[in-house]
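Student: got a sequence here, can you model it:
(chains A and B)
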Amino acid sequence: MTVALRTRAASRVGPTAAVVLVGLVPLAFLAVFFGWPVAAIVARGVVADGTLDLSGFTEVLARERTWEVVGRTLAQASAGTALAVLLGMPGAYVLYRCRFPGRGAVRAFVTVPFVLPTVVVGVAFRGLLVEGGWWGFLGLDGTFTAVVAALVFFNYCVVVRTVGALWSRLDPRAEQAARALGASPLRAFWSVTLPSLAPAIASAASIVFLFCATAFGTVLVLGGPGYGTVETEIYQQTVTFLDLRTAAVLSVLQLLVVTGCLLAAAVSRRRRESALRLQSESTVDHRLRRGDLPAVAVTVAVVLGLLVAPLVSLVAGSLRTADGWGWGNYTALSTTGSHDALEATVWEAALNSVRIAVDATLIAVTIGVLICIVCSRRPRRPAARRTLSAFDALFMLPLGVSAVTVGFGFLLTLNRPPLDLRSSVVLIPIAQAVVAIPLVIRTLLPVLRAIDERQREVAGVLGAGPARVFAAVDLPVLGRSLGLAVGFAFAVSLGEFGATSFLSQPDRPTLPVVIVRLIGRPGVDNLGMALAASVVLAATTVVVIGLAERFRIQTAGADL
Amino acid sequence: MHRHIDNRRTRVTAIAGVTALAMSACSTLGDDSQSSPEEVSSTVVLLTHDSFAVSDDVLADFEERTGLTVKRRAPGDSGALVNQMVLTKDAPLGDAVYGIDNTFASRALDADILAPYESPEIGQDADRFAVDDTDRLSAIDYSDVCINADTEWFAEQDLAVPRTLTDLADPAYEDLLVVTNPATSSPGLAFLVATVDAFGDGGWSDYWGQLRDNGVKVVDGWSDAYFVDFSGSEGEGPRPLVLSYASSPPSEVRQGEASTQALLDTCFRQVEYAGVVAGGQNPEGAEQLIDFLLSQEFQEDVPGQMYVYPVSPQAQLPPQWERFAPLAEDPYEMSTQEIDANREAWIQEWTEVVVG
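Tutor: Next up, the predicted model:
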């Protein structure tokens, strides 16, 4: 690929100062809403009577169980990540590189599992795996395989969307040239396309790994008590035992594992990333052809077998009422349930969810774009490059730290003016945005980094200031992928349960909170209503993602 | 080139503007109005567990009668609720708390997060639920955590419904029971305590060894056990014995017939308490709120809303309950102090025996 030529124009002081200023805003946001709370709760565990007490470390680290749990966490996360990437690559190709009727709908559909509350997925998934279920004969209930399958179920769309965002815009001519020179399709893919996609794959893999390593409900529901991870252990120590000393050690351990994984990903990304020739999507994709058959087969198998089946059982459950099949559970959504099970109707909760998601998306996309502006620079000094990649990795950390740690940390820190936010509704979108920002970055950054630095330099030489260079070179490229990022952030917010359930006010619940409440009560009518509400959540997601994708096509009108 | 850029920028700006406008109409920001000092004194914040429920009109009655506005926060289950209160002791999040159960009460008492208050509404027989003599926790309701059986399934198989804890370890009932993990689920913890009470220090882990050998299934949470593994609710699960509550069977009554029953010799009694939060902003409001939770009106609302029994013997129970949700006559019980002192050790030992 073309390697950016270094010219003197980029080293002027002006742009550097601007970049530093832009970088300070997200840094302050992360420090207040993530760094401080986490530090406070960890400090509670390691500071006793005003003195630092690290004896907890030697004690917890000496336990055999600790290392068992760490090993299991890494094994589950690695297996989940490897499988999600392997299965997601053909999906990214089919959904972002090929053209077929209904493509937009399928793209939106694969995002649905990502937003469903784990307790609902647990019921739907386990309903299939349990003896007598459709897949009962496989004997997978409560096994390692079931946990990994569920991790792939949740994270498939992360790979498809992150890799797809770059793939959909990759210039096909290099691969065509390789083919013309006699390379087999596989060879051309292996030596030309794959290296170009590497940054996006590394991005996706690191996100999926973090999600898998910190998966909480999935692991407990599908695996059962024998499959505890660092995350479930932290939850147990904090929420059941209030043993903050042990929890602090485990949180630090989790942080170290996550940082190690992020560093590895950053190194592999840096080695691969180079300017790519990007095209607008419409000139790159092609109609399905015979050669696409293997990719299509894998994608159909994954979508039907892993994604559709649990969702069908979900929809079927939502149509089952106490007096047979019918729409009863859906008409009940405008009520507060049997015996007033809810404080607000499901529709009110849905509206509330969407409103919170709008705020969370605005925050996440704004902060995410600022970070991407900074991280897409290519300074020449190695020290500056290292600083940038540390800056980038910093914003990934929230994905790797337990929601319980952050949630309890919020309560400890944001409790006095000017930041007494503990009972404010603003804290919910902020907490969700902290989790959504990494996804926004990983969606936008590979595309921005692929811009040839020379374009910016040329604009600079022609007299454009940093803002003007950004508007002329970066913004159009950003605009085209922004829809994807918006959709992703929205989906994260709609589905977030951990921090939200912690912070939400009972009379203004979000959709996942309502669903979990309904499914926590006995009776077929409550279960049916919970499943119907889950279908509404899924449908909302599909609509929003669909709209976000459209938004992208509109801004893609102008090409360089 | 310049014009090209300008056009594009105008368009991008326009789209961004329209989107921002549309979004701000949806936003929740700005819903948060700052409260004036008068509002603070007329607002009372109730901390609860996430299963709290009350009929709208019952709560409205209280607000109208007292001129108070009740705000609620529900951070999680009983354990999460207590732990949050312990952590925020210096800047409490609310004025009154409801939903601390007897498995976590001791922690709340030891941490000094509650102020004493003896409500005039407390009945004479309230002593039977009192945790200590400091008046910091008032019992509001109670329930029995019991194994539930799918009676239709047992009738079809022509098998006698088991009765006691020992029966559950009988090979005749192999692979029929599903329970929840005591580390993550409060009924799971209650059932573990029941077995400790039943078999004593030396015997309970042997008993769980027998249950394990008899194919007990352990899942993470109540919903999962009840709706996926249990055959008596959705009618799809493979196991006819599930850990649930004595009050669950009325929800499974079809055409006037109960299809499930609670095994009353397997029950642990769970009691839920309320109290005034120490250092809260509105202690008078909190006291009025405790009176309300003990009032006839709220007590009669409790069974239908939260599937628990009111502590007040004067409160009327729903007609179905008398028939389908009788209580255990002699449930397993244990002092909250003993539970708190041993919880962690029991869960660890349980995990070693059952999970391995």
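Student: chain B contacts on the stretch 51-200 of chain A?
Tutor: Residues of the stretch 51-200 of chain A lying close to chain B (C-beta under 8 Å from any C-beta of the partner chain) are A:119, A:122-123, A:126-127, A:130-133, A:142. For glycine as for every other residue, the C-beta is placed from the backbone atoms N, C-alpha and C.
Student: isn't A:Arg320 up against A:Gly528?
Tutor: Yes: between A:Arg320 and A:Gly528 there is a contact under C-beta atoms under 8 Å: 5.9 Å.
Student: buried subset of the residues of the stretch 51-200 of chain A next to chain B, written for ChimeraX?
Tutor: The buried residues among these can be selected in ChimeraX (16 or more other C-beta atoms under 10 Å in any protein chain shown) with this line:
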select /A:119,122,123,126,127,130,133,142
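Student: just the residues of the stretch 51-200 of chain A next to chain B: which are in helices?
Tutor: Assignment to helices by DSSP state H places the following of these there: A:119, A:122-123, A:126-127.
Student: dump those into JSON lines; add distance to A:Ala205 and pLDDT as well.
Tutor: As requested, these are exported to JSON lines (distance: C-beta to C-beta, whole Å; pLDDT from 0 to 100):
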{"residue": "A:Val119", "distance to A:Ala205": "27", "pLDDT": "69"}
{"residue": "A:Gly122", "distance to A:Ala205": "25", "pLDDT": "74"}
{"residue": "A:Val123", "distance to A:Ala205": "29", "pLDDT": "73"}
{"residue": "A:Arg126", "distance to A:Ala205": "27", "pLDDT": "79"}
{"residue": "A:Gly127", "distance to A:Ala205": "30", "pLDDT": "78"}
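Student: tell me the one among these nearest to chain B.
Tutor: Taking C-beta to the nearest C-beta as the measure, chain B lies nearest A:Arg126 of those, at 4.6 Å.
Student: contacts only, for that closest one.
Tutor: Residues counted as contacts of A:Arg126 (C-beta atoms under 8 Å, 6 or more residues apart in numbering or on different chains) are A:133, A:141, A:221-222, B:224, B:228-229.
Student: pick out the most distant pair among the residues you listed.
Tutor: Farthest apart among these by C-beta to C-beta are A:Gly133 and A:Val221. That separation is 14.5 Å.
Student: follow-up on the earlier one: and the furthest pair within the ones in helices among the residues of the stretch 51-200 of chain A next to chain B?
Tutor: Largest separation among these by C-beta to C-beta: A:Val119 and A:Gly127, giving 12.5 Å.
Student: hmm, A:Ala332 is touching A:Ala532, no?
Tutor: Yes: using C-beta under 8 Å, A:Ala332 is in contact with A:Ala532, at 7.2 Å.
Student: more crowded one of the two?
Tutor: Comparing A:Ala332 with A:Ala532 by neighbour count (other C-beta atoms under 10 Å in any protein chain shown), the higher total belongs to A:Ala532, at 26 against 22.
Student: you'd agree the more buried one is in a helix?
Tutor: Yes: under DSSP: H, G, I helix; E, B strand; the rest coil, A:Ala532 falls within a helix.
Student: which residue ranges of chain B form strands?
Tutor: Ranges of strands within chain B are B:43-48, B:69-73, B:96-101, B:114-115, B:138-150, B:177-180, B:217-219, B:241-245, B:253-254, B:257-258, B:260-262, B:268-277, B:309-310, based on DSSP state E.
Student: could you check how many residues crowd around A:Glu175?
Tutor: With other C-beta under 10 Å as criterion, A:Glu175 counts 18.
Student: show me the contact partners of the helix or strand encompassing it.
Tutor: According to DSSP states H and E, A:Glu175 maps onto helix A:173-180. Applying C-beta under 8 Å, 6+ apart, the contact partners of helix A:173-180 are A:1, A:185, A:187-189, A:191-193, A:196, A:277.
Student: for chain A, name the helix or strand with the lowest mean pLDDT.
Tutor: Taking mean pLDDT, DSSP states H and E as the measure, chain A has helix A:281-284 as its least confident helix or strand, at a mean of 67.
Student: return the distance of A:Ala472 relative to A:Ala459.
Tutor: For A:Ala472, the distance to A:Ala459 (C-beta to C-beta, to the nearest Å) stands at 5 Å.
Student: are any of the contacts of helix A:173-180 buried, and which?
Tutor: A:188-189, A:192-193, A:196.
Student: out of those, which sit inside helices?
Tutor: Counting by DSSP H, the part of the buried ones among the contacts of helix A:173-180 found in helices is A:188, A:196.
Student: how about CSV for the buried ones among the contacts of helix A:173-180, with pLDDT added?
Tutor: Formatted as CSV, the buried ones among the contacts of helix A:173-180 follow (pLDDT from 0 to 100):
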residue, pLDDT
A:Ala188, 89
A:Phe189, 88
A:Val192, 88
A:Thr193, 89
A:Ser196, 87
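Student: and the furthest pair within the buried ones among the contacts of helix A:173-180?
Tutor: Spatially, the most separated pair among the buried ones among the contacts of helix A:173-180 is A:Ala188 and A:Ser196, at 11.5 Å (C-beta to C-beta).
Student: burial count for the closest residue to B:Ile113 other than its chain neighbours?
Tutor: In space, and not counting its chain neighbours, B:Ile113 is closest to B:Met85: 4.8 Å by C-beta to C-beta, 6 or more residues apart in numbering or on different chains. By the criterion of other C-beta under 10 Å, B:Met85 has 25 neighbours.
Student: returning to that earlier point: next SSE downstream of the least confident helix or strand of chain A?
Tutor: Taking DSSP H and E as the definition, the helix or strand right after helix A:281-284 is strand A:286-287.
Student: which elements pack onto that following strand?
Tutor: Secondary-structure packing of strand A:286-287 (3 or more C-beta pairs under 8 Å, 6 or more residues apart in numbering or on different chains; DSSP states H and E): strand A:98-99.
Student: and the contacts of the strand it packs on?
Tutor: Strand A:98-99 is contacted from outside by A:285-288, A:292, A:296, using C-beta under 8 Å, 6+ apart.
Student: tell me how far that strand lies from the chain's centre.
Tutor: Centroid separation between strand A:98-99 and its chain, computed with C-alpha atoms, centre = their mean, to the nearest Å, is 25 Å.
Student: also stretch A:252-270?
Tutor: Relative to its parent chain, stretch A:252-270 has a centroid offset of 17 Å by C-alpha atoms, centre = their mean.
Student: what residues of it count as buried?
Tutor: Result for stretch A:252-270 [16+ other C-beta under 10 Å]: buried residues A:252-255, A:257-258, A:261-262, A:265-266, A:268-269.
Student: same question for stretch A:67-81.
Tutor: Residues A:69-70, A:72-74, A:76-77, A:79-81 are the ones in stretch A:67-81 that count as buried (16+ other C-beta under 10 Å).
Student: for the residues you listed, could you give me JSON lines that also reports pLDDT and secondary structure?
Tutor: What follows is the buried residues of stretch A:67-81, written out as JSON lines (pLDDT from 0 to 100; DSSP: H, G, I helix; E, B strand; the rest coil):
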{"residue": "A:Val69", "pLDDT": "88", "secondary structure": "helix"}
{"residue": "A:Val70", "pLDDT": "89", "secondary structure": "helix"}
{"residue": "A:Arg72", "pLDDT": "89", "secondary structure": "helix"}
{"residue": "A:Thr73", "pLDDT": "89", "secondary structure": "helix"}
{"residue": "A:Leu74", "pLDDT": "90", "secondary structure": "helix"}
{"residue": "A:Gln76", "pLDDT": "91", "secondary structure": "helix"}
{"residue": "A:Ala77", "pLDDT": "92", "secondary structure": "helix"}
{"residue": "A:Ala79", "pLDDT": "95", "secondary structure": "helix"}
{"residue": "A:Gly80", "pLDDT": "94", "secondary structure": "helix"}
{"residue": "A:Thr81", "pLDDT": "95", "secondary structure": "helix"}
